[in-house]
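>>> let's see this in three dimensions:
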Amino acid sequence: MSAAPAYNEDKGGSAGPGEPEYGHDPASGGIFSSDYKRHDDLKAMLDTNKDSLKLEAMKRIVAMIARGKNASDLFPAVVKNVACKNIEVKKLVYVYLVRYAEEQQDLALLSISTFQRGLKDPNQLIRASALRVLSSIRVPIIVPIMMLAIKEAASDMSPYVRKTAAHAIPKLYSLDSDQKDQLIEVIEKLLADKTTLVAGSVVMAFEEVCPERIDLIHKNYRKLCNLLIDVEEWGQVVIISMLTRYARTQFLSPTQNESLLEENSEKAFYGSEEDEAKGPGSEEAASTALPTRKPYVMDPDHRLLLRNTKPLLQSRSAAVVMAVAQLYFHLAPKAEVGVIAKALVRLLRSHSEVQYVVLQNVATMSIKRRGMFEPYLKSFYIRSTDPTQIKILKLEVLTNLANETNIPTVLREFQTYIRSMDKDFVAATIQAIGRCATNIGRVRDTCLNGLVQLLSNRDELVVAESVVVIKKLLQMQPAQHGEIIKHLAKLTDNIQVPMARASILWLIGEYCEHVPRIAPDVLRKMAKSFTAEEDIVKLQVINLAAKLYLTNSKQTKLLTQYVLSLAKYDQNYDIRDRARFTRQLIVPSEQGGALSRHAKKLFLAPKPAPVLESSFKDRDHFQLGSLSHLLNAKATGYQELPDWPEEAPDPSVRNVEVPEWTKCSNREKRKEKEKPFYSDSEGESGPTESADSGEEMGRAGKWPSRLDPSPVCPLSSSEQSEEEGKKKKMKKRKKVPEGQEGGSSSDEGSDSSSSSSESEMTSETEEEQVEPASWRKKTVTLGSMALSKPISLWLSFIIMCLVCPTVTPPSVQPVSPPTVVSTSLAADLEGLTLTDSPLVPSLLSPVSGAGRQELLHRVAGEGLAVDYTFSRQPFSGDPHMVSVHIHFSNSSDTPIKGLHVGTPKLPPGISIQEFPEIESLAPGESTTVVMGINFCDSTQAANFQLCTQTRQFYVSIQPPVGELMAPVFLSENEFKKEQAKLTGMNEITEKLTLPDTCRSDHIVVQKVTATANLGRVPCGTSDEYRFAGRTLTSGSLVLLTLDTRPTGAAQLTVNSEKMVIGTMLVKDVVQALTQ
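Below is the predicted model:
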């Protein structure tokens, strides 16, 4: 590449504005490029003193990584820029390091000291990124360093850094579980954090590391309940799930003694001293006098949880609504559970995936709490556009909700569903009719008559399912339905479904006394076709013969012996064994055993009628909303929902006392005596206000009238990072501990409001620089640098004084000039040797796909010739689109004006990003434009119109299957791991013979990558080739393996979730290799 001198210019390239620099892009080299120094230009840009060039280089490197290119050989050049002053460069450097820290562990270990220095950077984003990189290095030798870093970050001034520390805890625990005790100490510290940004992350760490340590939650329970409304959605789901399990261990069941339910009044929310004093005594009295049990009184903390989660039913996140719904189902009194029904019905308007999960949980809830969903019965009516899984779940819910009042409406719905073309759905509907008939006695005859009418249906599957259900219903009242049994007997000549034939034979044999004339004739017909029947039918024929032999031996003795003789020589050993067993049991012999005398009792014993139950009946022992409940099997990592305690544990463990270190002066001591943090007196009103009225007060930004501001007023995230540089100087004058930077700790409501504003400020600015705008100048002289910080310090002090008049002015001292980057960085990189692996150049895929293809012939286009090529470069407008280069040539004598794409009529899912209109194309002139097409992972053609000012031409672009994917870089272990997940139906294998001209590595790789846009994966053996890619639209992995033999025999294997794409890809690659 000869573009290196162009990088000496400020813009770093020679292309015009707005044009993509494909020629200069270092990631656009082919896999057979002989230029092994293609990254030298990037290294030169990273070594310059210009931040603009460094930023450009890092953007290109991150773009390479995003495309799956291997950029590991740039590690030394990139890591040197960790100390760069430019924040944007620094952030991209850490993005790179997070990507390669786990793969390039040896290289990352060489720069541990650099990351440790990053942990003390003034910028909170850099500190968090350094910790993230450090925790991504999965090497046990640095566990002590990671532990120290997490402990320091847990005490950081920035809530964003503390959040990152919480994320790092599970990573360290998975690396070394022996650190559990120390990590629990960090978790305990972070649980006491008052900011909403940290709450969700630390609870997740708690669930991963020590979910059994419920004692860590006691002191933070009320705080978590109050902060819940302001936590991000991901954190809300985690906290609600944890609090559900906590409440099941700490409170009494609200459903016990439901008729005597008594709620505390609102004024006694946290109880009074008198209640607490007489509480233990009353519990003892209740336990001694069991017959006169004390009425249930809900714990105030239990009520706090229910009240603070109720507003989240209106959340925009389906996961949060589902989490609150399962909390109410498991924790709330029966009278209050109904509030979740409307929220769950609202979720049924979401995507089909959300509907599936919600309906699974509704089906479980509707078994125990039927009345909750009865007002919304019509919301569960089935639409023709619903997928089969959704239809069956809605059918389950409708069946659970059916009662004597609404059964006519439900049966009318079922009558419509039976006409559906979806056979699985029709079968499920017939089973639902059977369940309704079982559960509601007065409609049993109606349902039975309806099912009998279905026996004349043309569809054999409908008839077969009806027979199975009728069999179960007839067992309840067999004497009243002899005619139905006769009607079923006549169907044996027509029904061919084995299960249905077996059901009819069982019915005739079980109730043969009701059809004494028909049963022997049915046995005669079955004996004629015995050898051609299925195994399940043969077993029932043997049973029928045995029962008729015992009840009507005169007519059926010879038939029975004939059937048993046929079964004696059957191929299936189960049938042979059954025939021998039956013969010895029913046919008397000289050595007849004791069982022969009881044969009639064995075969003709009265049998209980079957109970048709819902498949969701016993699923409620799993926590609703969990993966285990969805699968109806215990998943890895699932934590059982605890049972309610018999006696309520001591509620005083959740009371919070003010520790000594928060009392800074006599004046503050007096304040704390007046308003303790969670004292008994505040228990009646304080948290109630913080849960109800405290939100409005906090959001209005006003101090409560009963509060005295602490000596340190709340800081925004930018002010916090600005003040960190002067932390030591300010400590002498503030005399206030670090734990109070969020505001006064005497009121929980103000804490939640200030922390919510702080978390919002941090989340909005985490992608920007934290310093004021005056610090963002690229060129700052030493004098201005020395003056700007004292001035900004005075400005921030003036702002602080306007809010908190108790702050004393800081002493202004000249700031020392920033030190130049230490030369110790070179020492950190000593001994860093990188050897270019011969596999690296072969990991990249070709830049362009197949050659030019004709889109419009010049004769048909009246002088306009149009060709197109698949460039295999990412489309800038949308990464899910295929980039297509359109080449226009004007071979006519007149200019062609107004070239553009007309309104396309595309199949569902396919979309087009049109190219800009070409105003004029002169005679003999050619031009190329880029357009993007989202083929939606299919080879359907994209049909559109090419329009000029005078004509319209209908054209079509159909992609080869190999152009629907982009290469991805995987290591050998990752490839094997992903391949193991894509087996069975996701694996397509084809055997082929390679010609003599296609047995060298170069030719094989060239033909495969020319056919499909895949990246080469390293392989330890020389006779195996591996390639990997992802489909552009869905991102599904496509793994291709070619196993060759010296004789030319080969086996091609493609693993992909997209079975259609895999099949077509195998066909194309085999054709390319065998030509």
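
>>> what's the spacing between residue 865 and residue 39?
Here the criterion is C-beta to C-beta, to the nearest Å. By it, residue 865 lies 39 Å from residue 39. Quick note: C-beta positions are derived from backbone N, CA and C, even for glycine.

>>> my error: substitute residue 97 in the last question.
Relative to residue 39, residue 97 is positioned 17 Å away (criterion: C-beta to C-beta).

>>> quick one: low-confidence parts of the stretch 751-900 of the chain?
Per-residue confidence for the stretch 751-900 of the chain (pLDDT under 70) gives these ranges: 751-850.

>>> grab the most central residue of this structure for me.
A centroid search over the chain (C-alpha atoms, centre = their mean) returns residue 319, at 10.2 Å, as the residue closest to the centre.

>>> from residue 365, how far off is that residue?
The gap separating residue 319 from residue 365 is 17 Å, by C-beta to C-beta.

>>> what's the answer for residue 342, then?
Relative to residue 365, residue 342 is positioned 13 Å away (criterion: C-beta to C-beta).

>>> of these two, which one has the most company?
More crowded of residue 342 and residue 365, by other C-beta atoms under 10 Å: residue 365, with 24 against 15.

>>> list the residues that contact the more buried one.
Contacts for residue 365 were tallied using C-beta atoms under 8 Å, 6 or more residues apart in numbering; they are 329, 372-373, 624.

>>> quick check: phi and psi at it.
The phi and psi values for residue 365, taken as degrees, to the nearest 10, are phi -70, psi -40.

>>> now swap in residue 647 and tell me
Comment: the main-chain dihedrals of residue 647 come out as phi -120, psi 140, following degrees, to the nearest 10.

>>> likewise residue 512?
The phi and psi torsions at residue 512 (degrees, to the nearest 10) take the values phi -70, psi -20.

>>> for it, grab the count of nearby residues.
The number of residues near residue 512, taken as other C-beta under 10 Å, comes to 23.

>>> what does residue 422 give?
Summarising burial for residue 422: neighbours were counted as other C-beta under 10 Å, giving 17.

>>> again with the one 10 residues further on
Residues lying near residue 432 (other C-beta under 10 Å) number 25.

>>> kindly report the same for residue 435.
The burial count assigned to residue 435 is 21, neighbours taken as other C-beta under 10 Å.

>>> again with residue 998
When neighbours are defined as other C-beta under 10 Å, residue 998 has 18 of them.

>>> report the separation between it and residue 1073.
Distance, residue 998 to residue 1073, by C-beta to C-beta: 6 Å.

>>> what do those two both touch?
Common neighbours of residue 998 and residue 1073 are listed as 1004, 1007 (criterion: C-beta under 8 Å, 6+ apart).

>>> isn't residue 513 right up against residue 551?
Yes. The pair residue 513 and residue 551 qualifies as a contact (C-beta atoms under 8 Å) at a distance of 6.7 Å.

>>> neighbour-wise, which of the two wins?
Between residue 513 and residue 551, counted using other C-beta under 10 Å, residue 551 has the larger neighbour count: 17 against 14.

>>> list the contacts of that one.
Counted by C-beta under 8 Å, 6+ apart, residue 551 has contacts 512-513, 604.
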